[in-house]
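[1] can't give you the sequence, but here's the structure:
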């Protein structure tokens, strides 16, 4: 399981942080992030960049991209932020069934979208993303 996609809506807040955290902990893996309605070409939200940097994760080079069939086909694991993202993605790309899961699956939580909210919302999202990553990394490492 070497190719992993993180997914949210705009691809500027949550999935870039998840991608950055996973990349730090899984350096031999290929990590992508994308959005269901991506703000294509836009950098990560400045508050996402700030919160990630405060935790030692640099996402300043990130640019948003729209999810597409290539990313879906190539990815061996797709981690979404909310159950609704899984539903939408599977409706558009049925081939992702069976390899798409919530990042918060093991803790049974969705990761709320902090877009256009205060810094505290981004810090809460970061905390939830970090917990999801901590839950997934050992499982991904066991799979190789």
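    The structure has been received and is ready for your questions. Quick caveat, the model's predicted, so the values are computed rather than measured.
[2] do I have it right that residue 18 meets residue 128?
    No: using C-beta atoms under 8 Å, residue 18 is not in contact with residue 128; the gap is 9.9 Å. Bear in mind the C-beta positions are built from the backbone N, C-alpha and C, glycine included.
[3] among those two, which residue is more densely surrounded?
    Neighbour count, other C-beta atoms under 10 Å: between residue 18 and residue 128, residue 18 has more, with 31 against 22.
[4] quick check: the more buried one is in a helix.
    Yes: counting by DSSP: H, G, I helix; E, B strand; the rest coil, residue 18 is found in a helix.
[5] show the contacting residues for it.
    6, 33, 79, 81, 103, 129, 132-133 (C-beta atoms under 8 Å, 6 or more residues apart in numbering).
[6] can you tell me which of those residues are in helices?
    Secondary structure from DSSP state H places 129, 132-133 of the contacts of residue 18 in helices.
[7] before we move on, the earlier item: pick out whichever of the contacts of residue 18 sits closest to residue 12.
    residue 33 (9.7 Å; C-beta to C-beta).
[8] from residue 112, how far out is the closest one?
    17 Å (C-beta to C-beta, to the nearest Å).
[9] quick one: which of those two has more around it?
    Using other C-beta under 10 Å as the criterion, residue 33 and residue 112 rank with residue 33 on top: 29 against 14.
[10] give me the mean pLDDT for stretch 126-143.
    Mean per-residue pLDDT for stretch 126-143: 97.
[11] now do the SS call for residue 72.
    Going by three-state DSSP: residue 72 is helix.
[12] assign residue 38 to helix, strand or coil.
    coil.
[13] nice, that's everything, thank you.
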